[in-house]
Structure formats: C-alpha cells, structure tokens
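K.L.:
Okay, predicted coordinates and the sequence, questions at the end:
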Amino acid sequence: MTFSGAVPGPDGQPLDQIRLTGVTATGHHGVLAHERAEGQVFRADVVLHLDTRAAARGDDLAATVSYADVAEDVHDVLAGRPADLVETVAERIAAAALAYPAVHAVDVRVHKPQAPIAVPFDDVEVAIRRDRVRTPVVPAEAPAGEPEQAAQVEPEAPTAPEQAEADSHEPAAERAPVTAVPAPPAPPAPPVTGVPAFDPEPLGVVPAPPEEPEPVRDPLDVAPDEPVEVVIALGANLGEAQATLRQAVTDIDRIAGLQVMEVSPLARTAAVGGPEQPDFLNAVLLARTTLSPREVLHACQRVEEQHGRVREERWGPRTLDVDIVQYGTLVATADDLELPHPRARERAFVLVPWAEVAPDAVLHGLGGGPVAQLAATAPDRSGIRWLALDWLADPQDTVAPAPPAPPAPGTGPVPSSAPLPERPTSGAHAVPPQTVPPQQPVPPQAVPPQQALPPQAAVPPQQAPAQPVHEPIPPAPDSPFAPRPEQYAPATDRAYAAPSDTAPSDTAYLPPTDRAFAPPSYHPPHADDRDR
Ligand SMILES: Nc1ncnc2c1ncn2[C@@H]1O[C@H](COP(=O)(O)OP(=O)(O)OP(=O)(O)O)[C@@H](O)[C@H]1O
Ligand SMILES: Nc1nc2c(c(=O)[nH]1)N=C(CO)CN2
C-alpha cells in the first residue's frame, strides 16, 4: 500500500505507522438504486500515523491504538449507513481513526471492486490523508446503539422521516446515470442471501419510536415499474431442436408481461460439460418485461416443461433449456435464481449469439464485461460451429433436416450417429464453405442492418394459424431472408472465430460484424389486443 510518505511528528521526525489492510464488509453505498438495495463488497486499508514509542516502552496497549478497535470501526463504517460516494465513506473512516487522540494523521483507501463499471476493471479506490489540520469533512460516526453520543451526529444527518425517504432509494434511482437498461426499482429491504442487512437507522441518532417494520422484499420478487431488459438464452439438443427453439421464441413472446424484442442468430455449438451428447442449437433473446425476475424464471420453466424438458442429470441433453442470462442490471443470488446467470460469462454458446444481436451488450456483475470481449476468450469458443441468420423464417432450409425418426421430446438423445444437422449441403441456403472466401464481407447494401423480419414471417404460429411457421415462407424480394450464400461465410477475422487448426472442416461462421449484414432482427408483432 503506497501512501504519500511519512507524516512528520511534532518534533519534525517521521511518525510511526500502524497499517491495517483489507478490512472487508458488504456495504450499501452507491448512487444506483440496486447498489443501495443489494449491497456489494467494500474494502478499506488504513494507516495510522502516531508515535508508538511510549506504548513500546511500557508495553502498554493503553498508550497506543488497538488495531482491533480500529478494524471494527472501519468495518462498521463500511457496513453502516449508506452513502452515495466512496469519498464519503473514506472521510467517515478517517474521522473514526482520528477519534483516537494518539493518531496524528491517517491515510485511508476505500476499494469498491464490484463498482458498476461497464468495462473490465480490477478495482476502484479512493485514497485520502487527513490529520489534525486537514480534518475530515464529516464527524466520526457514533457506534450503533450509543444514543448518548448523538451530539456527534453529522449536521446533515437525516431525521427519521428523511431517512425513511432515503431508504426508499427513490432519490438514488433518480440520480442514476442513464443506462441502456433500466434497473429494476430497488426494494426497500435487504437483499436475498449472502448480503448482510444494513441498519437503516442513522448511526448515533436517537432512534425514532419503532414503526411497523417494512415487509422484507426479495429483489427477485420485485416487479419493475418500467420495463426492464431481460436476456434469455435458449438451448436444445434433443428431438427437433430447431423447431423447438422456434416455438420457444413464440411461447416466450406470449408470456404476459414479457415482449421478445430481438432474436439472435442460431448457433450450432459443441456440448459443454455433462456426458457425451449431440451438439446443441443455441440462441439468445432480448426481451423487455414488467415481470419480476422470479416470475420470468417460472414462466420460462413452464415453457421448458411444455417442450418436455426433464431434468435427469446436470448439463445432460435436453429438449429445451431456457436460462435467464441477465435481468436489467440486477445482481442477486438465491437458491432458485442467480442473476446474472453465474456461468454466462464463460459460455461462448451464450456470448457469441448475444454479441451478434447486441454487439455493445455488457454482462453485469462480477466477472462481467463487454459481451463481445468475453465471447472472444470464452473457453468453448472453438465449439461454435456455425451461426444461421434466418432460422426463424425458414426452418427447413436454414438447417438441414432433422435426423430420421428422432425420439419423442424428452425420450432420449438424438443418437450421435444422427446428430443435429450439419451445415446444409443442399437446398436454398446451401453453400460450400469455399463459396465465400474468408475476407469477403457482404456489401453493406446487401442486407440493411436491423431490417425487421417481414411481418408475415414474424407472426408466431399461434397467432397466425393460417400460416404455420414450419412451412417455408417465400422471402420478399431483397428481404434479409432471401437465400444468401454468405450466411455461412467464414469469419476468420472475427474475435471469436475458432482457430482454423481446431475448427472442424465443415465449420463456417458469420462474416465479421462490421454489421455489413446484421442478423435479421426478429421483431415479434405485439398486437395491442394481446392480453398482456
Ligand atoms: N439465471 C438462471 N436462469 C435459469 N435458472 C436458474 C438461474 N439461476 C438459477 N437457476 C436455477 O437453476 C436450476 C437448474 O437449471 P437447469 O436445469 O436449467 O440447469 P442447467 O441448464 O442444467 O445448468 P446451467 O445452470 O449451468 O445452465 C433451475 O431449477 C433454476 O431454479
Ligand atoms: N453447447 C452447449 N453446451 C451446453 C449447453 C448449451 O446450451 N449449449 N447447456 C448446458 C446447460 O445449460 C450445458 N452445456
């Protein structure tokens, strides 16, 4: 720990130092509502500048400062009354240290390694030095439960009603920086698990008479006021996998309170983990929802069940897997639901299709970061065999026909001798890998980015029984769904393209995303008459 050097004592000589590092607590400091609600790890390092000679001479604890006491003080500040700023937390710690008369000066560093920063980073810290001249700008926080020290309360300490308002987190939410994804409203209570509750009483203030306790609300059960973006991953490797995934998109879009906004290309991916099993087909949906996270989970589990999902073994083959990758910016852990999905950050079969449909997407939480970057380093990235663009519009041709006589959903894996379809070698979309050389991007005008699915193709089967999606729909002229040889073009300069020496010979990838052609965005129709 490097501070800015020794502090001179009254005799002009450098003072001694007691260094305390890595005091850690879960705190609820931050300007964002979810930081207030869920809490995160804060760490502090403290250097006390003092003259230790008298204590050493008499071997007398009373003549020095007990580091154990200071550690508790620091911990109390970290875990205590929420502040918007790390700077404020650092001042409070400095004030606590200088409350010991022997301390001439104090250096404080407060670390916030899980700060909501949208790019990969190790840590963020605030470092301050305070002494008897350059004093802390806040008074020492009084220990909880010592109301007789109320005189030490900060002048701006809130009254009980003000504190109640602060605890509602509304102001924090209002101050939150504009983000692409609205955070769900913060619940007024402690988080789910593993995060100790904070004492909402302002420290050192005589507590107001007890009011009705707020019911404890799990953030995973809080439905947002405004729609929140939810990222959903689909996977299947049993039965008619592509047809299942197409139907799942429709089923998920029909969940009341949830709208599918975008659908990624379909990825064929080598199975990761679990037993020997066929390749998966994977896709990612971007949706907006006013459901709580747990409601989304249950609705997705119902869709899994509708498709004959049985849970036999971990990471085993399945007719349909629906995972919630991320819900707004929420970071929460419970037995039944963890957000963001704890393994999403290392799964190319999630990250690659996600980055295709949302190139600037960011995975929140610990180990998160820009999705495209995570995709580039995901351990299974060489298992991404290909991506199909128009899989919603044209199931028969986008992927080769399913193996003959596949087992009924849930009855058994597609035998490895009859795996999921390979890159087509015949049919409208067939293209030998060499047809499009690696560096040959599609001219920008070939397919306008973000061109929406033609309305008739987007209509989910249940909404347009006259036009079942399983029947190929003739693409409109110039439609992104017109057969395009480049849809399986190699992507040798893609960040996540498999190294050529490890890629299977039939592997083909999308061309680089200068977005010369965007994956066709699927914009499901949301008829106003739908009961949402
Ligand atoms: N973000 C999440 N999305 C979906 N399920 C989750 C999530 N977090 C926790 N779960 C829980 O995980 C349980 C197991 O889910 P599932 O059987 O789909 O796991 P899996 O697909 O085999 O493995 P993985 O979780 O690694 O994808 C579910 O019952 C669900 O309660
Ligand atoms: N390629 C691939 N591998 C997996 C998948 C998946 O969807 N795709 N799902 C798993 C458990 O959710 C385990 N392994």
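P.N.:
Yes, it's here. Ligands and ions are numbered 1, 2, ... in the order given.
K.L.:
how much space between the one residue in the stretch 1-150 of the chain that gets nearest to ligand 2 and residue 24?
P.N.:
Here the residue of the stretch 1-150 of the chain nearest ligand 2 is residue 120; by CB to the nearest ligand atom that distance is 24.1 Å. From N, CA and C alone the C-beta is placed, and that goes for glycine too. Residue 120 sits 21 Å away from residue 24, going by CB to CB, to the nearest Å.
K.L.:
The two: which is more packed in?
P.N.:
Under the neighbour definition other CB atoms under 10 Å, residue 120 and residue 24 were set side by side, and residue 24 has more, 15 against 12.
K.L.:
got a list of what the closest residue to the residue of the stretch 1-150 of the chain closest to ligand 2 other than its chain neighbours touches?
P.N.:
Distances taken as CB to CB, 6 or more residues apart in numbering put residue 369 closest to residue 120, at 4.1 Å, once the chain neighbours are dropped. Residue 369 sits next to 118, 119, 120, 345, 362, 363 when contact means CB atoms under 8 Å, 6 or more residues apart in numbering.
K.L.:
quick one, what contacts the last one?
P.N.:
Put plainly, it is residue 363. 325, 326, 340, 344, 345, 351, 369, 370, 371, 374.
K.L.:
try 10 Å this time
P.N.:
118, 231, 325-326, 340-341, 344-345, 350-351, 354, 369-371, 373-375 (CB atoms under 10 Å, 6 or more residues apart in numbering).
K.L.:
Would you check that the residue of the stretch 1-150 of the chain closest to ligand 2 makes contact with residue 372?
P.N.:
No - in this structure, residue 120 is not within contact of residue 372 by CB atoms under 10 Å, at 11.9 Å.
K.L.:
Give the intersection of the neighbour lists for those two.
P.N.:
Joint contacts of residue 120 and residue 372 (CB under 10 Å, 6+ apart) are residue 362.
K.L.:
can you tell me the distance between the two ends of stretch 263-272?
P.N.:
22 Å (CA to CA, to the nearest Å).
K.L.:
do that stretch and ligand 1 meet?
P.N.:
No - for stretch 263-272, no contact with ligand 1 is found by CB under 6 Å from any ligand atom; the gap never falls below 9.0 Å.
K.L.:
Quick check: mean pLDDT of that stretch?
P.N.:
When pLDDT is averaged along stretch 263-272, the result is 97.
K.L.:
Stretch 388-397 too?
P.N.:
73.
K.L.:
helix/strand/coil for residue 21?
P.N.:
Judged by DSSP: H, G, I helix; E, B strand; the rest coil, the three-state class of residue 21 is strand.
K.L.:
How much space separates the residue lying closest to it once chain neighbours are set aside from residue 238?
P.N.:
Sequence neighbours aside, residue 45 is the residue nearest to residue 21 in space, at 4.3 Å (criterion: CB to CB, 6+ apart). Counting by CB to CB, the gap from residue 45 to residue 238 is 53 Å.
K.L.:
Looking at those two, which is more packed in?
P.N.:
residue 238 (28 against 20).
K.L.:
Could you double-check that the more buried one sits in contact with residue 271?
P.N.:
No - at 11.3 Å, residue 238 does not count as touching residue 271 under the criterion of CB under 10 Å.
K.L.:
low-scoring pLDDT stretches of the protein, where are they?
P.N.:
1-4, 142-216, 311-312, 394-532 (pLDDT under 70).
K.L.:
domain parsing for the chain?
P.N.:
1-217, 228-488 (automatic domain parsing).
K.L.:
residue of the stretch 1-150 of the chain with the smallest distance to ligand 1?
P.N.:
residue 38 (15.3 Å).
K.L.:
I'd guessed residue 359 sits against residue 352; true?
P.N.:
No - counting by CB under 10 Å, residue 359 stays clear of residue 352, with 11.4 Å between them.
K.L.:
what residues are shared contacts of these two?
P.N.:
371, 372.
K.L.:
Between these two, which has more neighbouring residues?
P.N.:
residue 352 (32 against 13).
K.L.:
tell me the SS of the more buried one?
P.N.:
Residue 352 ends up helix, using three-state DSSP.
K.L.:
contacts with ligand 1 among the contacts of residue 363, please.
P.N.:
Restricting those to those near ligand 1 - CB under 6 Å from any ligand atom - leaves residue 341.
K.L.:
residues in this structure within reach of ligand 2, list them.
P.N.:
So the chain meets ligand 2 at 235, 269, 270, 271, 272, 273, 274, 280, 282, 315, 321, 349 (CB under 6 Å from any ligand atom).
K.L.:
Now name the helix or strand holding the spatially closest residue to the fourth one that is not a sequence neighbour.
P.N.:
Distances taken as CB to CB, 6+ apart place residue 277 nearest to residue 271, at 4.7 Å, with adjacent residues excluded. Assigned by DSSP states H and E, residue 277 falls within no helix or strand.
K.L.:
Number of residues surrounding residue 277?
P.N.:
Using other CB under 10 Å: residue 277 sits among 19 other residues.
K.L.:
Quick check: it vs residue 235, distance?
P.N.:
11 Å.
K.L.:
Equivalent analysis for residue 315, please.
P.N.:
In terms of CB to CB, residue 315 sits 10 Å off from residue 235.
K.L.:
now swap in residue 10 and tell me
P.N.:
Taking CB to CB, one finds residue 10 at 69 Å from residue 235.
K.L.:
higher neighbour count, the two?
P.N.:
Shown here are residue 10 and residue 235; by other CB under 10 Å, residue 235 has more neighbours (26 against 8).
K.L.:
Which of the three states applies to the more buried one?
P.N.:
Residue 235 is classified as strand under three-state DSSP.
K.L.:
beta partners of it?
P.N.:
residue 282, residue 321 (DSSP bridges).
K.L.:
who touches it in this structure?
P.N.:
Residue 235 is in contact with 241, 244-245, 248, 267, 269, 271-272, 280-284, 317-318, 320-323, 347, 349-350, counting by CB under 10 Å, 6+ apart.
K.L.:
Ok, residue 5 next?
P.N.:
Contacts of residue 5 by CB under 10 Å, 6+ apart are 14, 107, 129.
K.L.:
So what are the sheet partners of the host helix or strand of the second one and their directions?
P.N.:
It stands for residue 107. Using DSSP H and E, residue 107 maps to strand 105-111. If you go by DSSP bridges, strand 105-111 pairs up with strand 40-50 (antiparallel), strand 125-131 (antiparallel).
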